[in-house]
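Participant: Predicted model and sequence follow; I will ask about them next.
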Amino acid sequence: MARTYRSLDGVLLFDKPLELSSNTALQKVRRLFKAEKAGHTGTLDPLATGLLPICFGEATKFSNALLDADKTYRALLRLGQTTTTGDAEGEITAQCPVNVGQAEAEAVLDRFRGEIRQLPPMHSALKHHGKPLYEYIRKGETIERELRDVVIHELLLNSFSGSEMDITVRCSKGTYIRTLAEDIGAALGCGAHLIGLRRTAIAHFDLKNAHTLTELEAMEDTERDDCILPLQSLMPDMPRLELDAVQVQRLAQGQRLGLETGLPDGRVSLLGPAGFIGVGLLQGRRLAPERLLSAVAKQAAQAISRANIGVE
(Lines give C-alpha, C1' and ligand atoms only; values in the text may rest on other atoms or scores of the structure.)
Protein backbone atom coordinates (compact mmCIF):
# COMPACT_ATOMS: atom_id res chain seq x y z
CA MET A 1 0.00 0.00 0.00
CA ALA A 2 1.38 3.41 -1.00
CA ARG A 3 2.26 5.77 1.81
CA THR A 4 0.04 8.87 1.93
CA TYR A 5 1.87 12.11 2.59
CA ARG A 6 0.23 15.31 3.80
CA SER A 7 0.78 19.04 3.80
CA LEU A 8 2.32 19.99 7.13
CA ASP A 9 3.83 23.29 8.27
CA GLY A 10 5.95 23.99 11.33
CA VAL A 11 9.18 23.13 13.16
CA LEU A 12 10.17 20.03 15.11
CA LEU A 13 13.06 20.15 17.56
CA PHE A 14 14.71 16.77 17.02
CA ASP A 15 17.42 15.17 19.15
CA LYS A 16 19.57 13.40 16.55
CA PRO A 17 21.05 10.12 17.77
CA LEU A 18 24.61 8.88 17.33
CA GLU A 19 25.75 7.29 14.03
CA LEU A 20 22.83 8.69 12.04
CA SER A 21 23.49 11.23 9.30
CA SER A 22 21.43 14.41 9.33
CA ASN A 23 19.77 13.47 6.04
CA THR A 24 18.89 9.95 7.24
CA ALA A 25 17.44 11.46 10.42
CA LEU A 26 15.42 13.90 8.31
CA GLN A 27 13.95 11.14 6.14
CA LYS A 28 13.03 9.02 9.17
CA VAL A 29 11.22 11.95 10.78
CA ARG A 30 9.55 12.95 7.52
CA ARG A 31 8.15 9.45 7.03
CA LEU A 32 7.03 9.28 10.63
CA PHE A 33 5.03 12.51 10.25
CA LYS A 34 3.97 11.63 6.67
CA ALA A 35 5.05 15.13 5.62
CA GLU A 36 5.16 16.09 1.94
CA LYS A 37 8.08 18.47 2.37
CA ALA A 38 10.78 18.75 5.03
CA GLY A 39 14.33 20.01 5.50
CA HIS A 40 16.83 20.27 8.35
CA THR A 41 18.80 23.31 9.47
CA GLY A 42 22.47 22.87 10.25
CA THR A 43 24.07 19.51 9.47
CA LEU A 44 25.41 17.33 12.27
CA ASP A 45 28.04 14.67 11.56
CA PRO A 46 27.02 11.03 12.21
CA LEU A 47 29.31 10.98 15.28
CA ALA A 48 27.60 14.08 16.70
CA THR A 49 24.27 14.13 18.52
CA GLY A 50 21.82 16.75 19.64
CA LEU A 51 19.60 19.50 18.38
CA LEU A 52 18.57 19.26 14.73
CA PRO A 53 15.56 21.48 13.95
CA ILE A 54 13.45 19.98 11.18
CA CYS A 55 11.27 22.33 9.15
CA PHE A 56 8.09 21.06 7.51
CA GLY A 57 6.38 22.62 4.51
CA GLU A 58 6.31 26.41 4.56
CA ALA A 59 8.79 26.52 7.45
CA THR A 60 11.56 25.62 4.99
CA LYS A 61 11.13 29.11 3.47
CA PHE A 62 12.08 30.80 6.73
CA SER A 63 14.84 28.48 7.98
CA ASN A 64 17.77 30.69 6.91
CA ALA A 65 17.60 32.46 10.25
CA LEU A 66 18.70 29.23 11.94
CA LEU A 67 21.46 28.52 9.43
CA ASP A 68 22.98 31.92 10.21
CA ALA A 69 22.41 31.74 13.98
CA ASP A 70 24.87 31.14 16.82
CA LYS A 71 25.12 27.53 17.99
CA THR A 72 26.10 25.93 21.29
CA TYR A 73 27.94 22.61 21.69
CA ARG A 74 29.20 20.34 24.43
CA ALA A 75 32.47 18.82 23.21
CA LEU A 76 34.82 16.17 24.58
CA LEU A 77 38.50 16.38 23.56
CA ARG A 78 41.09 13.58 23.81
CA LEU A 79 44.50 15.09 24.52
CA GLY A 80 47.80 13.61 23.36
CA GLN A 81 46.53 12.25 20.04
CA THR A 82 45.87 13.72 16.60
CA THR A 83 43.91 12.01 13.82
CA THR A 84 43.49 12.33 10.07
CA THR A 85 39.99 13.79 10.45
CA GLY A 86 40.31 15.75 13.69
CA ASP A 87 37.82 13.41 15.37
CA ALA A 88 37.49 9.79 16.49
CA GLU A 89 36.51 8.63 13.00
CA GLY A 90 40.01 9.13 11.63
CA GLU A 91 43.25 7.21 12.06
CA ILE A 92 45.74 8.31 14.71
CA THR A 93 48.57 10.25 13.11
CA ALA A 94 50.61 11.20 16.20
CA GLN A 95 50.77 10.59 19.95
CA CYS A 96 52.38 12.78 22.57
CA PRO A 97 52.64 12.72 26.39
CA VAL A 98 50.20 15.07 28.12
CA ASN A 99 51.99 17.22 30.68
CA VAL A 100 49.44 19.97 31.28
CA GLY A 101 47.22 20.76 34.25
CA GLN A 102 43.81 22.31 34.59
CA ALA A 103 45.18 25.82 35.18
CA GLU A 104 47.20 25.64 31.98
CA ALA A 105 44.19 24.31 30.09
CA GLU A 106 42.06 27.21 31.36
CA ALA A 107 44.74 29.70 30.28
CA VAL A 108 44.93 28.23 26.77
CA LEU A 109 41.16 28.41 26.30
CA ASP A 110 41.34 32.14 26.85
CA ARG A 111 43.27 32.46 23.58
CA PHE A 112 40.30 31.13 21.64
CA ARG A 113 37.59 33.39 23.04
CA GLY A 114 36.34 36.17 20.78
CA GLU A 115 37.23 36.56 17.11
CA ILE A 116 39.56 33.86 15.82
CA ARG A 117 40.62 32.46 12.43
CA GLN A 118 40.16 28.85 11.40
CA LEU A 119 41.34 26.74 8.49
CA PRO A 120 38.36 24.62 7.30
CA PRO A 121 39.18 20.88 7.50
CA MET A 122 39.50 18.77 4.36
CA HIS A 123 37.07 16.29 5.89
CA SER A 124 34.12 18.68 5.57
CA ALA A 125 31.18 19.46 3.30
CA LEU A 126 32.60 22.85 2.34
CA LYS A 127 32.36 23.14 -1.45
CA HIS A 128 35.23 23.63 -3.93
CA HIS A 129 34.20 23.90 -7.59
CA GLY A 130 30.80 22.48 -6.65
CA LYS A 131 32.12 19.41 -4.82
CA PRO A 132 32.51 18.94 -1.04
CA LEU A 133 36.09 18.84 0.21
CA TYR A 134 35.72 15.31 1.58
CA GLU A 135 35.36 14.00 -2.00
CA TYR A 136 38.82 15.38 -2.84
CA ILE A 137 40.47 13.95 0.26
CA ARG A 138 39.03 10.50 -0.54
CA LYS A 139 41.02 10.67 -3.80
CA GLY A 140 44.14 11.73 -1.94
CA GLU A 141 43.89 15.34 -3.07
CA THR A 142 44.38 18.29 -0.74
CA ILE A 143 42.79 21.60 -1.69
CA GLU A 144 44.26 24.91 -0.59
CA ARG A 145 41.79 26.63 1.76
CA GLU A 146 41.63 30.15 3.09
CA LEU A 147 41.44 31.03 6.77
CA ARG A 148 37.94 31.99 7.89
CA ASP A 149 36.92 34.48 10.57
CA VAL A 150 34.61 33.06 13.24
CA VAL A 151 33.58 34.19 16.71
CA ILE A 152 33.71 32.11 19.90
CA HIS A 153 31.21 33.90 22.12
CA GLU A 154 31.64 31.55 25.06
CA LEU A 155 34.19 28.83 25.86
CA LEU A 156 33.93 27.06 29.21
CA LEU A 157 35.94 24.23 30.71
CA ASN A 158 33.43 21.87 32.33
CA SER A 159 35.95 19.27 33.46
CA PHE A 160 39.58 18.26 32.97
CA SER A 161 40.99 14.79 33.66
CA GLY A 162 44.51 15.16 32.29
CA SER A 163 43.82 13.20 29.13
CA GLU A 164 40.37 14.63 28.35
CA MET A 165 38.75 18.06 28.31
CA ASP A 166 34.99 18.61 28.46
CA ILE A 167 34.11 22.06 27.10
CA THR A 168 31.05 24.12 26.19
CA VAL A 169 31.29 26.30 23.08
CA ARG A 170 28.86 28.98 21.89
CA CYS A 171 30.00 30.14 18.48
CA SER A 172 29.08 31.88 15.24
CA LYS A 173 28.02 30.04 12.11
CA GLY A 174 30.83 28.43 10.14
CA THR A 175 32.80 27.36 13.23
CA TYR A 176 34.34 23.89 13.05
CA ILE A 177 34.50 22.32 16.50
CA ARG A 178 36.89 19.64 15.22
CA THR A 179 39.27 22.37 14.12
CA LEU A 180 38.88 24.13 17.46
CA ALA A 181 39.77 20.88 19.24
CA GLU A 182 42.89 20.45 17.08
CA ASP A 183 43.95 24.07 17.61
CA ILE A 184 43.50 23.81 21.39
CA GLY A 185 45.62 20.64 21.38
CA ALA A 186 48.31 22.37 19.36
CA ALA A 187 48.32 25.32 21.76
CA LEU A 188 48.73 22.91 24.68
CA GLY A 189 51.68 21.31 22.91
CA CYS A 190 50.31 17.78 23.03
CA GLY A 191 47.75 17.64 20.23
CA ALA A 192 44.07 16.70 20.53
CA HIS A 193 41.08 15.44 18.63
CA LEU A 194 37.32 15.42 19.13
CA ILE A 195 35.80 12.26 20.62
CA GLY A 196 32.32 13.52 21.45
CA LEU A 197 30.05 16.34 20.29
CA ARG A 198 26.51 17.27 21.26
CA ARG A 199 24.69 20.37 19.99
CA THR A 200 22.64 21.87 22.80
CA ALA A 201 21.23 25.06 21.28
CA ILE A 202 20.66 26.96 18.04
CA ALA A 203 19.67 30.61 18.51
CA HIS A 204 16.68 30.54 20.92
CA PHE A 205 15.98 26.80 20.45
CA ASP A 206 17.23 24.54 23.24
CA LEU A 207 17.91 20.81 23.29
CA LYS A 208 15.84 20.38 26.47
CA ASN A 209 12.72 20.93 24.35
CA ALA A 210 13.74 18.42 21.67
CA HIS A 211 12.28 14.95 21.05
CA THR A 212 14.16 11.71 20.35
CA LEU A 213 13.21 9.28 17.61
CA THR A 214 12.23 6.68 20.21
CA GLU A 215 9.89 9.16 21.92
CA LEU A 216 8.27 10.17 18.64
CA GLU A 217 7.77 6.58 17.50
CA ALA A 218 5.97 5.76 20.77
CA MET A 219 3.46 8.61 20.39
CA GLU A 220 -0.01 8.59 18.88
CA ASP A 221 -0.40 10.70 15.73
CA THR A 222 -2.17 13.57 17.49
CA GLU A 223 0.37 13.62 20.33
CA ARG A 224 3.20 13.65 17.80
CA ASP A 225 1.64 16.55 15.89
CA ASP A 226 1.47 18.53 19.13
CA CYS A 227 5.29 18.55 19.14
CA ILE A 228 5.36 20.73 16.04
CA LEU A 229 6.05 24.41 16.71
CA PRO A 230 4.37 27.15 14.62
CA LEU A 231 6.18 29.00 11.82
CA GLN A 232 6.63 32.11 13.93
CA SER A 233 8.78 30.15 16.38
CA LEU A 234 11.57 30.64 13.84
CA MET A 235 11.52 34.41 14.37
CA PRO A 236 10.41 35.16 17.96
CA ASP A 237 12.27 38.47 18.27
CA MET A 238 11.26 39.90 14.90
CA PRO A 239 8.92 42.93 15.12
CA ARG A 240 5.33 42.12 14.14
CA LEU A 241 3.13 44.12 11.85
CA GLU A 242 -0.61 43.54 11.45
CA LEU A 243 -2.24 44.12 8.06
CA ASP A 244 -5.86 44.07 6.89
CA ALA A 245 -7.16 41.85 4.09
CA VAL A 246 -6.73 44.51 1.38
CA GLN A 247 -3.14 45.22 2.42
CA VAL A 248 -2.35 41.51 2.44
CA GLN A 249 -3.71 41.12 -1.09
CA ARG A 250 -1.75 44.11 -2.40
CA LEU A 251 1.44 42.84 -0.80
CA ALA A 252 0.87 39.34 -2.23
CA GLN A 253 0.57 40.90 -5.68
CA GLY A 254 4.06 42.31 -5.27
CA GLN A 255 3.04 45.87 -4.43
CA ARG A 256 4.78 48.00 -1.82
CA LEU A 257 2.70 49.58 0.90
CA GLY A 258 3.05 53.06 2.34
CA LEU A 259 2.56 52.77 6.11
CA GLU A 260 3.17 54.65 9.34
CA THR A 261 4.27 51.80 11.60
CA GLY A 262 6.56 53.29 14.25
CA LEU A 263 8.83 50.26 13.74
CA PRO A 264 12.55 50.43 12.93
CA ASP A 265 13.78 49.62 9.43
CA GLY A 266 14.44 45.95 8.77
CA ARG A 267 12.67 42.63 8.48
CA VAL A 268 9.22 42.31 10.06
CA SER A 269 6.88 39.40 10.71
CA LEU A 270 3.60 40.00 8.89
CA LEU A 271 0.19 39.07 10.28
CA GLY A 272 -3.07 39.13 8.32
CA PRO A 273 -6.65 38.52 9.52
CA ALA A 274 -5.98 34.75 9.47
CA GLY A 275 -2.59 34.94 11.19
CA PHE A 276 1.02 34.76 10.02
CA ILE A 277 1.50 35.39 6.27
CA GLY A 278 5.27 35.86 5.91
CA VAL A 279 8.14 38.31 6.24
CA GLY A 280 8.44 41.81 4.82
CA LEU A 281 11.16 44.43 4.57
CA LEU A 282 10.42 47.82 6.08
CA GLN A 283 12.36 50.87 4.88
CA GLY A 284 11.04 54.15 6.17
CA ARG A 285 7.33 54.24 5.32
CA ARG A 286 7.63 51.60 2.60
CA LEU A 287 6.85 47.94 3.21
CA ALA A 288 7.91 45.38 0.58
CA PRO A 289 7.19 41.64 0.60
CA GLU A 290 10.29 39.52 1.18
CA ARG A 291 8.89 36.00 1.54
CA LEU A 292 5.21 35.09 1.82
CA LEU A 293 3.32 31.86 2.40
CA SER A 294 2.40 30.00 -0.78
CA ALA A 295 -1.29 30.10 0.12
CA VAL A 296 -1.23 33.90 0.32
CA ALA A 297 0.40 34.22 -3.10
CA LYS A 298 -2.04 31.68 -4.56
CA GLN A 299 -5.07 33.57 -3.25
CA ALA A 300 -3.70 36.80 -4.74
CA ALA A 301 -3.20 35.11 -8.13
CA GLN A 302 -6.76 33.78 -8.04
CA ALA A 303 -8.09 37.25 -7.21
CA ILE A 304 -6.23 38.72 -10.20
CA SER A 305 -7.57 35.95 -12.45
CA ARG A 306 -11.15 36.56 -11.35
CA ALA A 307 -10.75 40.29 -11.92
CA ASN A 308 -9.41 39.71 -15.43
CA ILE A 309 -12.43 37.67 -16.45
CA GLY A 310 -14.91 39.95 -14.70
CA VAL A 311 -15.94 37.55 -11.94
CA GLU A 312 -16.67 39.08 -8.54
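Facilitator: Done, it's in. Residues are numbered from 1 along each chain as shown.
Participant: So what's the residue count around residue 60?
Facilitator: 17 (other CB atoms under 10 Å). Glycine gets a C-beta too; all of them are placed from N, C-alpha and C.
Participant: I figured it hits residue 39, correct?
Facilitator: Yes - counting by CB atoms under 8 Å, a contact exists between residue 60 and residue 39, whose distance comes to 4.6 Å.
Participant: Give me the number of neighbouring residues for the spatially closest residue to residue 167 that is not a sequence neighbour.
Facilitator: Distances taken as CB to CB, 6 or more residues apart in numbering place residue 75 nearest to residue 167, at 5.3 Å, with adjacent residues excluded. Per other CB under 10 Å, the neighbour tally for residue 75 reads 23.
Participant: Tell me where the stretch 101-250 of the chain has helices.
Facilitator: Chain-ordered helices for the stretch 101-250 of the chain, with DSSP state H, counting those that start in this stretch as the definition, fall at 102-109, 133-138, 177-188, 213-218, 221-225, 245-252.
Participant: Generate TSV for those helices, with distance to residue 167 as supplementary columns.
Facilitator: TSV is the format used below for the helices of the stretch 101-250 of the chain (distance: least, CB to CB, whole Å):
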stretch	distance to residue 167
helix 102-109	7
helix 133-138	25
helix 177-188	8
helix 213-218	27
helix 221-225	35
helix 245-252	47
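Participant: Most tightly packed of those?
Facilitator: Comparing the helices of the stretch 101-250 of the chain by mean neighbour count (mean count of other CB atoms under 10 Å), helix 177-188 ranks first with a mean of 22.
Participant: That one to helix 102-109, inter-axis angle?
Facilitator: Between helix 177-188 and helix 102-109, the angle formed by their directions is 120 degrees, by axes from the mean of the first three to the mean of the last three CA atoms, to 10 degrees.
Participant: Thought residue 224 was touching residue 32, still the case?
Facilitator: Yes - taking CB under 8 Å as the contact criterion, residue 32 and residue 224 are neighbours in contact, 7.3 Å apart.
Participant: joint contacts of these two?
Facilitator: By CB atoms under 8 Å, 6 or more residues apart in numbering, residue 32 and residue 224 have these common neighbours: residue 216.
Participant: Model confidence for residue 133, exactly?
Facilitator: The predicted local distance difference test score for residue 133 is 57.
Participant: who are the neighbours in contact with residue 185?
Facilitator: Counting by CB under 8 Å, 6+ apart, residue 185 touches 77, 79, 82, 191, 192, 193.
Participant: Surely the third one forms part of a strand?
Facilitator: Yes - when DSSP: H, G, I helix; E, B strand; the rest coil is applied, residue 82 is found to be in a strand.
Participant: mind checking how far residue 146 is from residue 180?
Facilitator: With the distance defined as CB to CB, to the nearest Å, residue 146 ends up 17 Å from residue 180.
Participant: For stretch 198-210, which outside residues touch it?
Facilitator: By CB under 8 Å, 6+ apart, the list of residues contacting stretch 198-210 reads 13-15, 41-42, 44, 48-53, 65-66, 69-75, 168, 170, 233, 236-237.
Participant: and those residues, which of them are in helices?
Facilitator: 65, 66 (DSSP state H).
Participant: Please convert the buried members of the contacts of stretch 198-210 into PyMOL selection syntax.
Facilitator: Listed next is the PyMOL selection for buried residues among the contacts of stretch 198-210, using 16 or more other CB atoms under 10 Å:
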select buried, resi 13+14+15+41+42+44+48+49+50+51+52+53+65+66+69+70+71+72+73+74+75+170+233
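Participant: Look up the closest residue to residue 168, ignoring the ones flanking it.
Facilitator: Closest residue to residue 168 in three dimensions, ignoring its sequence neighbours and counting by CB to CB, 6+ apart: residue 156, at 4.4 Å.
Participant: Quick check: that neighbour touching residue 113?
Facilitator: No - because the distance of 9.8 Å does not satisfy CB under 8 Å, residue 156 is recorded as not touching residue 113.
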